[in-house]
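K.L.:
no sequence on this one, just coordinates:
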């Protein structure tokens, strides 16, 4: 497809004919790195888990490593907790970020500027510092307990080392990008269209449901796809804040690779995460590509 | 962005609500960490520490592992950022200004890394590095972190080069400037602030990169974030982690100041598909 586009443009570009190889030369190294360290590992991972040597040493097609994964209760539990965490995070992100983004889009002044600055702030907090702050605040005898105790209330049941730990941390971490993407989508909703709806007597929620929502559906899906891709295989926060068992796929893969020393098992898990995320990945890439093409 | 509801009362209750909740949820945890860094004694259930002081700064900074991790992290970030700039900036210029076969598909190939769950991809890369004996080596970590900077260091500079006013370049060419002179005197100065922001972001991003360094680098390569993980996991003196957090915070803060224009401009969100 690209080739035909280029051929069609050729007559227009006669002046740059001479430069063509230079352009390819300039992009060669980064493109090579992408091919070697992104594309090849993926193909290699799929290949190595599907074409393996059997007991006799004959290399052939086998799905044994996938059967092993799905017949192992511990692996399946890990996958389930990963899906649960991802779903919860996506839900909370939507419920938290959409109202904030809507508020920011339709107000101006110093207070919204402050709200926006705060909402973007987590982007500049490395997840390792976030994990530490989480433990100091919500961990046992943390700041939350201290404050509750000082007003005579009982301690919280700490989410530290429970499945809720990673959920809270990951939501906190993903708020900025979600809001930025939603805001960028809301920028495409014109004030006139909303005023027109108001003029004919539409209520606030009607304006939201019929005018705003249809126009930002794509942004919402992009924001969620992007967070889901990051959350599904997140490592640092689940590793530090989550329970040891069942664990999310990130820590599980890491442990299988480094501690259990089973690269094939780890790659199998990686390919399974690819499989679960492929829809979101393709959707995300398509949207970005379309956006850039505009 | 004009206010759409002139009838709304002066008091912006929604805004105040968001501001209060976000302050509690986002600022408070960081304040607690900051307080711990300057605390010598803080026993439950006191609301404020019993004793403030800098004792733990001396202890933390006196640890050899902290210094070696800091040096290593700075070395890694510098090497990765320089390599990334050297290979990506010319490529960004080519993508922005030149025409060559397969340009579009190659440009979007940089998205490939973002279409897969990151840690799964790292595992797949690690499996290849295992065969190449790159696990636990400095250059293995450099490679993995370099890949992480590629998209950033290409897409942002491409936008910068595309934003340069072509008429000024043509004017310079008309009065006899050669292509390099035009690039050096016209194109580069206009694109420089955005490119600088991209370089800075990739430096800071590499500095904090945890997962690749942990997966590929361990046990030989202990960067600052990897050291933090072990401080958190082994439940050592609480203050060590706090002091490190405050120290680590500084580069991030500088990035925040410089990167504001890039991120505020909405270009950033568009780069992520918004």
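P.N.:
Sure, I can see it. Everything numeric here is computed off the predicted structure, so don't read it as measured data.

K.L.:
Every contact and neighbour count from this point should use C-alpha atoms.
P.N.:
Fine.

K.L.:
Which helix or strand contains the residue lying closest to residue B:231 once chain neighbours are set aside?
P.N.:
Excluding its sequence neighbours, the residue lying closest to residue B:231 (Cα to Cα, 6 or more residues apart in numbering or on different chains) is residue B:241, at 6.2 Å. Here residue B:241 sits within helix B:238-264, counting by DSSP states H and E.

K.L.:
Longest helix in chain B, by number of residues?
P.N.:
helix B:64-97 (DSSP state H).

K.L.:
and residue B:6, what pLDDT?
P.N.:
On the pLDDT scale, residue B:6 is placed at 48.

K.L.:
Next: residue B:194.
P.N.:
83.

K.L.:
I'd say it and residue B:156 touch.
P.N.:
Yes - between residue B:194 and residue B:156 there is a contact at 7.3 Å, judged by Cα atoms under 8 Å.

K.L.:
that older thread, burial of the residue nearest to residue B:231, as a residue count?
P.N.:
When counting by other Cα atoms under 10 Å in any protein chain shown, one arrives at 26 neighbours for residue B:241.

K.L.:
Next: the one 5 residues further on.
P.N.:
Residue B:246 has 17 neighbouring residues, counting by other Cα under 10 Å.

K.L.:
which secondary structure element contains the nearest residue to it once chain neighbours are set aside?
P.N.:
In space, and not counting its chain neighbours, residue B:246 is closest to residue B:34: 6.4 Å by Cα to Cα, 6+ apart. Under the criterion of DSSP H and E, residue B:34 resides in helix B:28-37.

K.L.:
Mind checking the pLDDT average for the longest helix of chain B?
P.N.:
Regarding helix B:64-97, the rounded mean pLDDT is 93.

K.L.:
Which other helices and strands does it contact?
P.N.:
helix A:20-34, helix B:138-162, helix B:188-208, helix B:224-233 (3 or more Cα pairs under 8 Å, 6 or more residues apart in numbering or on different chains; DSSP states H and E).

K.L.:
Is it possible to get TSV of those helices that adds distance to residue A:64?
P.N.:
Listed next are those as TSV, based on distance: least, Cα to Cα, whole Å:
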stretch	distance to residue A:64
helix A:20-34	30
helix B:138-162	30
helix B:188-208	38
helix B:224-233	35
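
K.L.:
so which of those comes closest to residue B:89?
P.N.:
helix B:138-162 (6.7 Å; Cα to Cα).

K.L.:
so where is the stretch 1-150 of chain A shaky, pLDDT-wise?
P.N.:
A:1-20 (pLDDT under 70).

K.L.:
Would you state the strands of it in chain order?
P.N.:
A:51-53, A:59-61 (DSSP state E, counting those that start in this stretch).

K.L.:
count of residues packed around residue 178?
P.N.:
As the question left the chain open, I've gone with chain A. 31.

K.L.:
try chain B instead
P.N.:
Residues lying near residue B:178 (other Cα under 10 Å) number 12.

K.L.:
Distance of residue A:241 relative to residue B:51?
P.N.:
29 Å (Cα to Cα, to the nearest Å).

K.L.:
These two - which one has more neighbours?
P.N.:
Set residue A:241 next to residue B:51 and count neighbours by other Cα under 10 Å: residue A:241 wins out with 25 against 11.

K.L.:
burial count for the residue of the stretch 101-250 of chain A found nearest chain B?
P.N.:
Nearest to chain B, among the residues of the stretch 101-250 of chain A, is residue A:181, at 4.3 Å (Cα to the nearest Cα). Counted with other Cα under 10 Å, residues neighbouring residue A:181 total 28.

K.L.:
number of nearby residues for the residue in the stretch 1-150 of chain A that chain B sits nearest to?
P.N.:
Residue of the stretch 1-150 of chain A nearest chain B, by Cα to the nearest Cα: residue A:27 (4.3 Å). Around residue A:27 there are 23 other residues, counting by other Cα under 10 Å.

K.L.:
Could you find the closest non-adjacent residue to it?
P.N.:
Sequence neighbours aside, residue B:91 is the residue nearest to residue A:27 in space, at 4.3 Å (criterion: Cα to Cα, 6+ apart).

K.L.:
related to what we said a few turns ago, which positions in the helix holding residue B:34 come out as buried?
P.N.:
Within helix B:28-37, the residues that qualify as buried are B:29, B:30, B:32, B:33, B:34, B:35, B:36, B:37, counting by 16 or more other Cα atoms under 10 Å in any protein chain shown.

K.L.:
For residue B:85, give me its contacts.
P.N.:
Contact analysis of residue B:85 by Cα atoms under 8 Å, 6 or more residues apart in numbering or on different chains lists B:153, B:199.

K.L.:
ok, now how distant is residue B:16 from residue A:121?
P.N.:
Residue B:16 is 18 Å from residue A:121, by Cα to Cα.

K.L.:
Revised request: answer the last question for residue A:217.
P.N.:
25 Å.

K.L.:
Likewise for residue B:216?
P.N.:
29 Å.

K.L.:
now swap in residue B:201 and tell me
P.N.:
Noted for residue B:201: a distance of 15 Å to residue A:121, by Cα to Cα.

K.L.:
Looking at those two, which has the bigger crowd around it?
P.N.:
residue B:201 (23 against 16).

K.L.:
number of nearby residues for the residue lying closest to that one once chain neighbours are set aside?
P.N.:
Residue nearest to residue B:201 in three dimensions, not counting chain neighbours: residue B:255, with 6.4 Å by Cα to Cα, 6+ apart. Residues lying near residue B:255 (other Cα under 10 Å) number 19.

K.L.:
residues contacting residue B:255?
P.N.:
Residue B:255 neighbours (Cα under 8 Å, 6+ apart): B:200, B:201, B:204.

K.L.:
which parts of the stretch 101-250 of chain B sit against chain A?
P.N.:
B:101-102, B:104-106, B:108-121, B:123-125, B:127-128, B:147, B:150, B:208, B:210-211, B:215, B:225, B:228-229, B:232-233, B:241-242, B:245, B:249 (Cα under 8 Å from any Cα of the partner chain).

K.L.:
Show me how to select, in ChimeraX, the buried members of these.
P.N.:
ChimeraX command restricting these to the buried ones, with burial defined by 16+ other Cα under 10 Å:
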select /B:101,104,106,108,109,110,111,112,113,114,115,116,117,118,119,120,121,123,124,125,127,128,147,150,208,210,211,215,225,228,229,232,241,242,245
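
K.L.:
What residues sit buried inside stretch A:216-229?
P.N.:
For stretch A:216-229, by 16+ other Cα under 10 Å, it's A:216, A:218-229.

K.L.:
Is it possible to get TSV of those that adds secondary structure, distance to chain B and pLDDT?
P.N.:
Supplementary listing: these in TSV, determined by DSSP: H, G, I helix; E, B strand; the rest coil; distance: Cα to the nearest Cα, whole Å; pLDDT from 0 to 100:
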residue	secondary structure	distance to chain B	pLDDT
A:216	helix	10	92
A:218	helix	8	89
A:219	helix	6	90
A:220	helix	9	93
A:221	helix	10	92
A:222	helix	7	91
A:223	helix	7	92
A:224	helix	11	93
A:225	helix	9	92
A:226	helix	8	89
A:227	helix	10	92
A:228	helix	8	93
A:229	helix	5	92
